[in-house]
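Q: Here is the input, now give the coordinates:
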Amino acid sequence: MPSNPIAPHDLPAPAPPDAQVCEQARRSRDARFDGLFFTAVPSTRIYCRPVCPAPFARRVEYFRHAAAAEAAGYRPCLRCRPELSPDDGSWRRGDAALARALKLIDEGALAEQPLAALAARVHLGERQLRRLFVERIGVAPGGVHGTRRLLFAKQLLTETALPITEIALASGFTSVRRFNAAFLDAYRMAPRELRRQVRDDVPAASGRPLTLRLGYRPPYDFTSMLAFLRGRALPGVEAVDDASYVRVIGTPDAPGWLRVAHADRDHALLLTVHGAAPAQLLGIVGRLRRMFDLDADPQAIGDALRASARLRPLLDARPGLRLPSGWDGFEIAVRAVIGQQVSVAAARTLTARLARRYGHALPAAIAQEAPGIEHLFPTPDALVDADLASIGLTRARADTVRTLSAALLDGRVDFRRERTLDDFVAHWVALPGIGTWTANYIALRALGHPDAFLADDLVLQRATPGDGTRLTARALTARAEAWRPWRGYAVIHLWRDSMAPAGVGAAA
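A: Numbers count the residues shown, from 1 in each chain. Take a look at the predicted model:
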């Protein structure tokens with residue numbers, strides 16, 4: 001750590017990063033800055049993470065995004081592996097047009113559609129969106145998309161034994177020829193040449209589960225993340241112990257499962273995937289990065305919330321607390337409805353009954369490999385006409401579950417990443433049985449929205465004053481204005497402090 005600690009969010013957003021701040025972070029190999037900038041060495045034409053163990057170069061330049069470094073002609077370091085860096089979450093969080101566009105690029109929006117379509121989805125002109133990217137990131141949207149695909153391919157080449165053809169497909173390329181050409185043009189080596197350089201580190205046998213490292217920016221409270229997920233784990237769909245999270249993935253025709261545990265080094269989680277097709281891998285990694293909130297910048301979030309006397313000791317006690325999202329938006333929405341005004345335990349029991357009754361049973365082989373994993377969560381079309389009173393739901397809750405299932409099928413509501421928080425909430429509260437608490441809970445746990453706030457939550461109304469009194473929803477909303485744009489993190493800290501997993505309010 002540097003002798004005079006510096007905060008990662010001190011880097012100015014619109015301009016290139018301050019060289020003095022970057023230099024201090026680079027020389028101290030400060031992992032808090034990992035992914036917030038990249039160091040490029042002109043003499044070698046290689047760019048590195050701030051944590052790179054390579055000897056310090058005298059002449060360097062700094063970039064805010066890996067795509068900007070690659071657009072300037074630099075190649076990723078084989079030693080520190082920039083593909084393992086967490087993303088700069090400040091650009092991918094919240095409602096700004098740039099944040100929403102980056103989230104859509106992460107979901108593959110430019111893989112099959114032109115830039116004009118992406119710009120329209122965030123309500124900007126194509127030229128305006130391109131200028132925004134160049135000014136803020138240093139490269140056009142297509143450069144971000146291309147670098148994302150190539151860095152993921154580089155990780156698969158390095159960490160797995162997948163054939164080159166499957167890596168091309170997994171990275172979003174339509175042909176091996178195009179993949180080879182793009183890789184060679186960007187990195188000045190063919191994919192097979194890179195694989196030969198790292199072959200000793202790759203499992204020799206094919207057909208094994210894939211294992212990938214998912215980097216994060218420290219600190220990271222993985223113990224609290226598992227505790228939150230464990231209290232809500234659905235028997236048969238997911239399982240959580242003291243060291244890992246396991247769940248079923250895929251479809252009835254192609255089911256699989258995965259495990260997430262803490263890696264033993266490098267500030268990373270370890271993902272093991274069983275039975276997933278190569279084309280699904282990039283989407284799986286993206287979902288898990290959101291679910292485990294791996295791209296958050298805890299230093300910037302903490303500094304923004306630290307002005308609150310109520311939150312300051314909570315932040316000091318758990319500086320690495322993250323937003324725990326869910327794997328699937330529909331699953332979270334159903335659980336939110338079932339969890340209205342009941343305890344976590346009651347909500348989990350009812351939802352487990354629903355999943356067991358209407359979910360698709362898995363092959364016995366998966367149950368043997370992953371004890372406790374037995375069925376997929378039901379799809380909307382399986383619940384739209386289901387007799388949910390038979391599993392113990394009240395008539396009102398059953399009607400709401402069927403209504404939201406129908407609304408997802410006909411497009412009245414969705415989980416589209418280009419929506420702002422207000423737009424998302426407005427669509428959901430238009431449904432009968434969905435209030436602002438439920439809509440914001442879905443935004444918090446299905447989207448991982450950092451500013452989602454549950455002003456009607458009884459636990460928060462009691463926990464926020466911290467003196468035994470209770471705030472009204474209006475007073476709580478006013479108090480939380482100072483916590484924007486990170487109100488969701490305040491929710492998690494206050495829930496954690498008040499042991500909400502055992503109470504009413506944060507039940508789903």
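
Q: from here on, contacts and neighbour counts on C-alpha atoms
A: Fine.

Q: ranges for the helices of the stretch 51-200 of the chain?
A: Counting by DSSP state H, counting those that start in this stretch, the stretch 51-200 of the chain has helices at residues 66-71, 89-92, 97-106, 109-112, 115-121, 126-136, 141-159, 164-170, 176-187, 191-198.

Q: Include distance to Arg32 when you put those into CSV, please.
A: Shown next, in CSV, are these (distance: least, CA to CA, whole Å):
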stretch, distance to Arg32
helix 66-71, 17
helix 89-92, 12
helix 97-106, 21
helix 109-112, 29
helix 115-121, 31
helix 126-136, 21
helix 141-159, 21
helix 164-170, 30
helix 176-187, 27
helix 191-198, 27
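
Q: now stretch 457-467, how far from the centre of its chain.
A: 28 Å (CA atoms, centre = their mean, to the nearest Å).

Q: Would you mind listing the buried residues in it?
A: Neighbour-count burial for stretch 457-467 flags Asp457, Leu458, Val459, Leu460, Gln461, Arg462, Ala463, Thr464 (criterion: 16 or more other CA atoms under 10 Å).

Q: got the end-to-end distance for that stretch?
A: With CA to CA, to the nearest Å as the measure, stretch 457-467 spans 17 Å from end to end.

Q: can you pull the contacts of Arg29?
A: With contacts taken as CA atoms under 8 Å, 6 or more residues apart in numbering, Arg29 has the following neighbours: Met1, Pro50, Val51, Cys52, Pro53.

Q: oh, I was asking about Val198
A: Thr158.

Q: same question, Ala452
A: Contacts here follow CA under 8 Å, 6+ apart; on that basis Ala452 touches Leu421, Asn440, Tyr441, Ala443, Leu444, Arg487, Gly488.

Q: one step back: list just the one of the helices of the stretch 51-200 of the chain that sits closest to Phe228.
A: helix 89-92 (21.7 Å; CA to CA).

Q: on contacts alone, who are the packing partners of the closest one?
A: Helix 89-92 makes packing contacts with helix 97-106 when contacts are defined by 3 or more CA pairs under 8 Å, 6 or more residues apart in numbering; DSSP states H and E.

Q: and if we set it to 10 Å?
A: Packing partners of helix 89-92 (3 or more CA pairs under 10 Å, 6 or more residues apart in numbering; DSSP states H and E): helix 97-106, helix 298-305.

Q: Any chance of the ones you listed in a markdown table with mean neighbour count as columns?
A: Output for the helices and strands packed on helix 89-92, formatted as a markdown table (neighbours: other CA atoms under 10 Å):
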| stretch | mean neighbour count |
| --- | --- |
| helix 97-106 | 20 |
| helix 298-305 | 19 |
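
Q: In a markdown table, list those helices along with distance to Gln368 and mean pLDDT.
A: Shown next, in a markdown table, are those (distance: least, CA to CA, whole Å; pLDDT from 0 to 100):
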| stretch | distance to Gln368 | mean pLDDT |
| --- | --- | --- |
| helix 97-106 | 34 | 93 |
| helix 298-305 | 39 | 93 |
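
Q: And those: which comes nearest His262?
A: Within these, the stretch nearest His262 is helix 298-305; the backing value is 18.0 Å (CA to CA).

Q: so where's the stretch 101-250 of the chain uncertain?
A: Low-confidence segments of the stretch 101-250 of the chain (pLDDT under 70): 199-207.

Q: Kindly recompute the last result at 90.
A: For the stretch 101-250 of the chain, the stretches flagged by pLDDT under 90 are 112, 136, 196-208.

Q: Over to the stretch 351-500 of the chain?
A: Residues of the stretch 351-500 of the chain meeting the criterion pLDDT under 90: 367-368, 371, 417, 498-500.

Q: And the contacts of stretch 427-437?
A: With CA atoms under 10 Å, 6 or more residues apart in numbering as the test, stretch 427-437 has contacts from 333, 336-337, 340, 396-401, 403-404, 407, 412-414, 425-426, 438-443, 452-457, 505-506.

Q: Show me this structure divided up by domain.
A: With domains defined by automatic domain parsing, the chain comprises 8-66, 89-159+162-201, 329-502.

Q: sorry, back to before: mind checking which of the helices and strands packed on helix 89-92 is nearest Asp264?
A: Per CA to CA, nearest to Asp264 of the helices and strands packed on helix 89-92: helix 298-305, 20.7 Å.

Q: could you point out which element follows that closest one?
A: Scanning forward in sequence from helix 298-305 by DSSP states H and E, the next helix or strand is helix 312-317.

Q: Name the residues that touch that following helix?
A: With CA under 10 Å, 6+ apart as the contact definition, helix 312-317 has outside contacts at 298, 301-303, 305-306, 311, 319, 321, 489-490, 493-494, 496-497.

Q: Contact partners for Asp410?
A: Applying CA under 10 Å, 6+ apart, we find Asp410 in contact with Leu404.

Q: Can you give me the distance of it to Pro380?
A: Distance of Asp410 to Pro380, given as CA to CA: 11 Å.

Q: joint contacts of the two?
A: What both Asp410 and Pro380 touch, as defined by CA under 10 Å, 6+ apart, is the set Leu404.

Q: Spatially central, which residue of the chain would that be?
A: Closest residue to the average C-alpha location of the chain: Arg290 at 1.1 Å, with CA atoms, centre = their mean.

Q: Surely Pro219 is in contact with Pro298?
A: Yes. Using CA atoms under 10 Å, Pro219 is in contact with Pro298, at 7.0 Å.

Q: Could you tell me which residues touch both of these two?
A: In contact with both Pro219 and Pro298: Arg32, Pro319, Gly320, Leu321, Arg322, using CA under 10 Å, 6+ apart.

Q: hmm, back to that, separate out the buried members of the contacts of stretch 427-437.
A: Buried members of these, counted by 16+ other CA under 10 Å: 333, 336-337, 340, 397-401, 403-404, 407, 413-414, 425, 438-443, 452-457, 505-506.

Q: Please identify which of the shared contacts of Pro219 and Pro298 is nearest to Leu229.
A: Leu229 lies nearest to Arg322 out of the shared contacts of Pro219 and Pro298, by CA to CA, at 11.9 Å.

Q: do you know which of the domains of the chain lies nearest Val273?
A: Among the domains of the chain, domain 329-502 comes nearest to Val273, with 11.6 Å by CA to CA.

Q: and the closest one, how far out from the chain's middle?
A: Chain-centre distance of domain 329-502: 17 Å, with CA atoms, centre = their mean.

Q: got it, and stretch 121-135?
A: Centre-to-centre, stretch 121-135 and its host chain are 24 Å apart (CA atoms, centre = their mean).

Q: Same question for that stretch: list its buried residues.
A: Arg121, Val122, Leu124, Gly125, Glu126, Leu129, Arg130, Arg131, Leu132, Phe133.

Q: what does that stretch rub up against?
A: So stretch 121-135 is contacted by 13-16, 68, 95-102, 104, 109, 114-120, 137-144, 416-420 (CA under 10 Å, 6+ apart).

Q: surely Gly488 meets His449?
A: Yes. Counting by CA under 10 Å, Gly488 touches His449, with 7.0 Å between them.

Q: can you list residues touching both of those two?
A: Leu323, Asn440, Tyr441, Ala443.

Q: Need the phi and psi values for the third one.
A: In other words, Tyr441. Phi and psi for Tyr441, reported as degrees, to the nearest 10, are phi -60, psi -40.

Q: ok, so what distance separates it from Ala57?
A: 48 Å.

Q: how long is stretch 478-485 from one end to the other?
A: End-to-end distance (CA to CA), stretch 478-485: 14 Å.

Q: Tell me the buried residues in it?
A: If you call a residue buried by 16+ other CA under 10 Å, then stretch 478-485 has these buried ones: Ala480, Trp483, Arg484, Pro485.
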